[in-house]
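Enquirer: What follows is a predicted structure for the sequence shown.
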Amino acid sequence: MTIGASLFLIAIGAILKFAVTVTVAGVDLQTVGVILMVVGFVGLLLALFLAFTGRSSGLPPGEL
């Protein structure tokens, strides 16, 4: 998951949690919003971890 997709999920989840007042039969939109925000935060942490960990090129240090 990319950083942009994670931020999108967080934003959609926050909108569902805090801004939507419509009720849908059988679906709790506030709970769906919380789930989307949690998935977005986990994806953001994973994307940032992968972005900042050094990926080895397979060459010895100093031989780029």
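Expert: That came through, no problem. Small disclaimer: the values here were computed from a predicted structure and weren't measured. Numbers count the residues shown, from 1 in each chain.

Enquirer: Which strands or helices does the helix or strand hosting Val42 pack on?
Expert: If you go by DSSP states H and E, Val42 is part of helix 29-52. On a contact count with 3 or more CB pairs under 8 Å, 6 or more residues apart in numbering; DSSP states H and E, helix 29-52 meets helix 3-18. (Glycine included, C-beta is placed from N, CA and C.)

Enquirer: what's the average pLDDT for the helix it packs on?
Expert: Helix 3-18 shows a mean pLDDT of 96.

Enquirer: how about that helix: buried residues?
Expert: 6, 9-10, 13, 16-17 (16 or more other CB atoms under 10 Å).

Enquirer: Quickly name whichever of the residues you listed is closest to Val24.
Expert: When those are compared for distance to Val24 (CB to CB), Leu16 wins out at 10.7 Å.

Enquirer: The residue nearest to that closest one when sequence neighbours are not counted and Ala5, how far apart?
Expert: Counting by CB to CB, 6 or more residues apart in numbering, Gly33 is the residue found nearest to Leu16 once chain neighbours are left out, at 3.1 Å. Here Gly33 is placed at a distance of 17 Å from Ala5 (CB to CB, to the nearest Å).
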